[in-house]
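*Asks:* sequence first, then the predicted structure, then my questions.
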Number of protein chains: 4
Amino acid sequence: MTQVFDGNIPIYLQIMDLIKKQMISKELLPGQKLSSVRDMSKQLEVNPNTVQRAYVEMEREMLVYTKRGQGTFIVNEPEVVLKLRQEMVLDRVAKFVREMEEFGFSHDELLKIIERHLSE
Amino acid sequence: MTQVFDGNIPIYLQIMDLIKKQMISKELLPGQKLSSVRDMSKQLEVNPNTVQRAYVEMEREMLVYTKRGQGTFIVNEPEVVLKLRQEMVLDRVAKFVREMEEFGFSHDELLKIIERHLSE
Amino acid sequence: MTQVFDGNIPIYLQIMDLIKKQMISKELLPGQKLSSVRDMSKQLEVNPNTVQRAYVEMEREMLVYTKRGQGTFIVNEPEVVLKLRQEMVLDRVAKFVREMEEFGFSHDELLKIIERHLSE
Amino acid sequence: MTQVFDGNIPIYLQIMDLIKKQMISKELLPGQKLSSVRDMSKQLEVNPNTVQRAYVEMEREMLVYTKRGQGTFIVNEPEVVLKLRQEMVLDRVAKFVREMEEFGFSHDELLKIIERHLSE
DNA sequence: GTGGTCTAGACCACA
DNA sequence: GTGGTCTAGACCACT
């Protein structure tokens, strides 16, 4: 599975998103080491600087921390990941529902649409 | 309510999205005239060139057409709007479901989350 | 006067410092435009990215703001600059006094040393 | 009191500075043995290589010398320490005065600022 | 012309 | 090997 990026959104943001999703889905656990900047850049076929930027930005968001010369790690507090999960899910659901309302769907219609989509 | 744009996505794309939503929700009807580039740019507090670009792109997508000296108009065929609606809804639903799956939610959980959100 | 940087401190931090000093000494006034990234990079004989980083970092510190396509500007509130001035002066003085105390100087000696230095 | 380092300046330089200050304030006397690399690295929570590098640099500056199997020692000549003291004081004072001038302070203002700071 | 992002690749401090 | 910084230079969105 090669990673493909949306050309209209900065790649470093998409990398941050990718890692956040892995934190939420428990592919990445608290305290676990992230791939090194170099490895990640090869995996994603992206410049090391771009990965670096994603890591720095996530460190600023207190989701990861860096040990000089050792690597970058998911923060140790599971609460942080839980909070992230809540925030991201809420954000996505709210945005989705708002958009569907803007399209003129009632809540019932919305649920039916999703159910139909899931059953396919 | 002033329009606020996401700094990480090209503004012309966000303007296109805005207009498409208005077409779908019937705030903009087939054949109706869009605000002039100048007016729209003032409303959105955006450079006229940016609005212009959004209009041109939408013309390329055959959603609007331009009459010299008169302005830009939504295409007259209602089917086009219907098709747009289907496409955008499908796109949004598919994207939303995919993301929720990436978060590790089952389909049942997903439905429950939405129901809970709607009932608030 | 060519700018020379201390090899042991990141250049972008030294550029930030430079600009802050100019804000404090009123070479740069609230609302004033900074040199463009490219111009500044030529003036300082430094890569544009390095200047860019300094600007972004200062934007995060709310000392400057950016208008897309127009440039980077000192924030308009003079209070911010005053606060910066207070902070930086206090920081420098406190650090200096602390160091001189660590060297074993009394306050009287410290004052004499400075007076002698100033009169040279 | 745990030692905390400024992440933007090489740690070995900060360690050198620390030792020099101790020499100047006579916490470390001519001929006295420095903590072993291993002990020092534990105290400072730093990699032994980093301490080692600080020691080597200081040996190059002729401020310490190493006896094989016995450890690292402050040089025996008190004049060296005196000279170091003069140099560091001059350096700090000059740098401080220069910075305050860059901030736009006159010599009088500078003295007043320090006096006010000392009297607090 | 202006900032924002990205690539390709280098050198450094640190473990 | 690992992150942090920097250069050289490109392309893009926006004014």
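*Replies:* Yep, that arrived.
*Asks:* so the most centrally placed residue in chain A is in which element?
*Replies:* Centroid check for chain A by C-alpha atoms, centre = their mean gives A:D17 as the closest residue, at 2.5 Å. Secondary structure assigned from DSSP states H and E places A:D17 in helix A:11-24.
*Asks:* from chain B, how far off is A:V89?
*Replies:* Going from A:V89 to chain B by C-beta to the nearest C-beta, to the nearest Å gives 6 Å. Using the backbone N, CA and C atoms, a C-beta is placed for each residue, glycine as well.
*Asks:* what's the burial count for A:V75?
*Replies:* Neighbours of A:V75 under the rule other C-beta atoms under 10 Å in any protein chain shown: 19.
*Asks:* confirm that A:I113 sits in a helix.
*Replies:* Yes. Looking at A:I113 with DSSP: H, G, I helix; E, B strand; the rest coil, it is inside a helix.
*Asks:* list the residues that contact the closest residue to chain D within chain A.
*Replies:* Residue nearest to chain D within chain A: A:G69 (7.5 Å; C-beta to the nearest C-beta). By C-beta atoms under 8 Å, 6 or more residues apart in numbering or on different chains, the contact list for A:G69 reads D:N47.
*Asks:* which secondary structure state does it sit in?
*Replies:* Under three-state DSSP, A:G69 falls in the coil class.
*Asks:* list the contacts of A:S35.
*Replies:* With contacts defined as C-beta under 8 Å, 6+ apart, the neighbours of A:S35 are A:Q43.
*Asks:* now the residue of chain A closest to chain D: how far from D:V46?
*Replies:* Between A:G69 and D:V46 the computed distance is 11 Å (C-beta to C-beta, to the nearest Å).
*Asks:* cool, and A:V56?
*Replies:* For A:V56, the distance to D:V46 equals 23 Å [C-beta to C-beta].
*Asks:* can you check A:K20 too?
*Replies:* Noted for A:K20: a distance of 32 Å to D:V46, by C-beta to C-beta.
*Asks:* returning to that earlier point: now do the buried residues in the helix holding A:D17.
*Replies:* Buried residues in helix A:11-24, counted by 16 or more other C-beta atoms under 10 Å in any protein chain shown: A:11-16, A:18-24.
*Asks:* could I get the residues you listed as a markdown table with pLDDT and distance to C:S41?
*Replies:* Output for the buried residues of helix A:11-24, formatted as a markdown table (pLDDT from 0 to 100; distance: C-beta to C-beta, whole Å):
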| residue | pLDDT | distance to C:S41 |
| --- | --- | --- |
| A:I11 | 92 | 24 |
| A:Y12 | 93 | 22 |
| A:L13 | 92 | 25 |
| A:Q14 | 93 | 28 |
| A:I15 | 93 | 27 |
| A:M16 | 94 | 27 |
| A:L18 | 93 | 32 |
| A:I19 | 94 | 32 |
| A:K20 | 94 | 34 |
| A:K21 | 93 | 37 |
| A:Q22 | 93 | 37 |
| A:M23 | 94 | 37 |
| A:I24 | 93 | 40 |
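*Asks:* closest to DNA strand E among these?
*Replies:* Comparing these against DNA strand E with C-beta to the nearest atom of the strand places A:I11 closest, at 3.0 Å.
*Asks:* go back to the buried residues of helix A:11-24 and keep what's next to DNA strand E.
*Replies:* Contacts with DNA strand E within the buried residues of helix A:11-24, counted by C-beta under 7 Å from any atom of the strand: A:11-12.
*Asks:* can you list the residues of chain A near chain B?
*Replies:* Applying C-beta under 8 Å from any C-beta of the partner chain, one finds that chain A approaches chain B through A:8-10, A:13, A:21, A:24-26, A:85, A:88-90, A:92-94, A:96-97, A:99-100, A:102-105, A:107, A:110-111, A:113-115, A:117-118.
*Asks:* if you skip the residues just before and after it, what's nearest to A:Q43?
*Replies:* Computed as C-beta to C-beta, 6 or more residues apart in numbering or on different chains, the closest residue to A:Q43 that is not its neighbour in sequence is A:S35, at 6.5 Å.
*Asks:* sec struct for the one you found, please.
*Replies:* Here A:S35 is recorded as coil under three-state DSSP.
*Asks:* show me what contacts the residue of chain A at minimum distance from chain C?
*Replies:* Nearest residue of chain A to chain C (C-beta to the nearest C-beta) works out as A:R60 at 8.6 Å. Not one residue lies near A:R60 by C-beta under 8 Å, 6+ apart.
*Asks:* that one and C:R60: what is the separation?
*Replies:* According to C-beta to C-beta, A:R60 stands 9 Å off from C:R60.
*Asks:* which one is A:Q52 nearest to, not counting chain neighbours?
*Replies:* Spatial nearest neighbour of A:Q52, excluding adjacent residues (C-beta to C-beta, 6+ apart): A:V37 at 5.2 Å.
*Asks:* which of the buried residues of helix A:11-24 lies closest to D:E79?
*Replies:* Using C-beta to C-beta, A:Y12 comes nearest to D:E79 of these, at 55.3 Å.
*Asks:* what residues are up against the closest one?
*Replies:* Counting by C-beta under 8 Å, 6+ apart, A:Y12 has contacts A:50-51, A:53-54, A:57.
*Asks:* the helix ranked longest in chain A to helix A:11-24, inter-axis angle?
*Replies:* In chain A, taking DSSP state H as the definition, the longest helix is helix A:78-102. On the basis of axes from the mean of the first three to the mean of the last three C-alpha atoms, to 10 degrees, helix A:78-102 is oriented at 110 degrees to helix A:11-24.
*Asks:* what comes up buried for helix A:78-102?
*Replies:* In helix A:78-102, counting by 16+ other C-beta under 10 Å, buried: A:80-81, A:84-85, A:88-89, A:92-93, A:96-97, A:99-100.
*Asks:* dump these to TSV, plus distance to DNA strand E and pLDDT.
*Replies:* Below are those laid out as TSV (distance: C-beta to the nearest atom of the strand, whole Å; pLDDT from 0 to 100):
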residue	distance to DNA strand E	pLDDT
A:V80	24	95
A:V81	24	94
A:L84	21	95
A:R85	25	93
A:M88	20	93
A:V89	25	94
A:R92	21	93
A:V93	26	94
A:F96	24	93
A:V97	28	93
A:E99	24	89
A:M100	29	90
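*Asks:* helix, strand or coil for the nearest residue to A:A94 once chain neighbours are set aside?
*Replies:* Among residues not flanking A:A94 along the chain, B:H117 sits closest, at 7.1 Å (C-beta to C-beta, 6+ apart). Three-state assignment for B:H117 (three-state DSSP): helix.
*Asks:* next one: phi and psi at A:V75?
*Replies:* Dihedral angles of A:V75 (phi, psi; degrees, to the nearest 10) stand at phi -60, psi 150.
*Asks:* would you mind measuring from it to chain B?
*Replies:* In this structure, A:V75 and chain B are 19 Å apart, going by C-beta to the nearest C-beta.
*Asks:* A:L29 too?
*Replies:* A:L29 is 13 Å from chain B, where distance means C-beta to the nearest C-beta.
*Asks:* domain parsing for chain A?
*Replies:* A:11-76, A:79-118 (automatic domain parsing).
*Asks:* in JSON lines, list these along with distance to A:V4.
*Replies:* As requested, the domains of chain A are exported to JSON lines (distance: least, C-beta to C-beta, whole Å):
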{"stretch": "domain A:11-76", "distance to A:V4": "10"}
{"stretch": "domain A:79-118", "distance to A:V4": "20"}
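*Asks:* so which of those comes closest to D:G31?
*Replies:* Using C-beta to C-beta, these put domain A:11-76 closest to D:G31, at 34.1 Å.
*Asks:* so how far is the first residue of that closest one from its last?
*Replies:* Domain A:11-76 has its terminal residues 26 Å apart, counting by C-alpha to C-alpha, to the nearest Å.
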